[in-house]
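[1] sequence plus predicted model, see below.
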Amino acid sequence: MVKVAPSILSADFCNLERDIRRVSSADWLHVDVMDGMFVPNLTIGVPVVESIRRHTDMFLDVHLMIDKPARFIQQFAKAGADLLSVHLEADHPAHIADALRAMEDCGVKKAVALRPITSASAVLPYLGQVDMVLVMTVEPGFGGQKFMEHQLDTIREVRALIDKYDPSCQLEVDGGVGPANAQTVIDAGATVLVAGSAVYGAEDPAAAIAALRG
């Protein structure tokens, strides 16, 4: 079954514990970390992840949209992340490898993420090492953006590479996913759907989560 990971970027941060409970029927909780450098926005850091961990036992899918992510792997792992995604565009490949080794040492699941400007083939050196590939279908940095239809080709290409080289690897899609396109994204090969406004903007978040699963 496809997993759904609501993004707390669309939650009410003054009522974050309440809004985490509102999506408790989801499979994962997606946490967007932005540093104002890799992306032009600033969101949350280690202390907030620590607080979230104290108030939920949901699987924490922590998406690091930060420059030189290897510096912070240990801190986010200790804060309670279950999975960490690092962007291939955020550092030199040797340092991305360092970040993945740090995740291994910390015992968290490992993922690499691709911006829309990055080709599917960029994941090839990492298949067999990672638990998940994250394909962005918007430019990272802001919630509520429109889904980039051309990224369906990237999803399909990454799916084919995963099927060939690492069939157990998850394929997560993040950006503009909602009820109108969820099935198309699933058909293209996604196994995890990140959804922010499509869940938190719904009158019934639990029903929205169920609908996204198809």
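    In hand now; what should we look at?
[2] can you give me the helices for the chain?
    Using DSSP state H, the helices of the chain run over residues 16-22, 46-55, 73-79, 93-106, 151-165, 182-188, 197-200, 205-213.
[3] now mean neighbour count and distance to Met34 too, for those, in CSV please.
    Backbone N, C-alpha and C define where each C-beta goes, glycine included. What follows is the helices of the chain, written out as CSV (neighbours: other CB atoms under 10 Å; distance: least, CB to CB, whole Å):
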stretch, mean neighbour count, distance to Met34
helix 16-22, 15, 16
helix 46-55, 15, 12
helix 73-79, 19, 13
helix 93-106, 17, 17
helix 151-165, 17, 20
helix 182-188, 17, 23
helix 197-200, 24, 17
helix 205-213, 18, 23
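[4] can you list the ones you listed in CSV and add distance to Leu29 and mean pLDDT?
    As requested, those are exported to CSV (distance: least, CB to CB, whole Å; pLDDT from 0 to 100):
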stretch, distance to Leu29, mean pLDDT
helix 16-22, 7, 96
helix 46-55, 7, 96
helix 73-79, 13, 98
helix 93-106, 18, 98
helix 151-165, 22, 98
helix 182-188, 18, 97
helix 197-200, 11, 94
helix 205-213, 11, 96
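[5] closest one to Asp131 among these?
    helix 93-106 (9.2 Å; CB to CB).
[6] which elements pack onto the closest one?
    helix 73-79, strand 83-87, strand 109-114 (3 or more CB pairs under 8 Å, 6 or more residues apart in numbering; DSSP states H and E).
[7] out of the ones you listed, nearest to Trp28?
    With CB to CB, the closest approach to Trp28 among the helices and strands packed on helix 93-106 belongs to strand 83-87: 7.9 Å.
[8] ok and that closest one relative to strand 109-114, angle-wise?
    30 degrees (axes from the mean of the first three to the mean of the last three CA atoms, to 10 degrees).
[9] I'd like to know how many residues surround Ile117.
    Neighbour count of Ile117, defined by other CB atoms under 10 Å: 8.
[10] where's the residue nearest to it when sequence neighbours are not counted relative to Thr154, distance?
    In space, Ile117 comes closest to Glu89 once its chain neighbours are excluded; the distance is 7.5 Å by CB to CB, 6 or more residues apart in numbering. Distance of Glu89 to Thr154, given as CB to CB, to the nearest Å: 14 Å.
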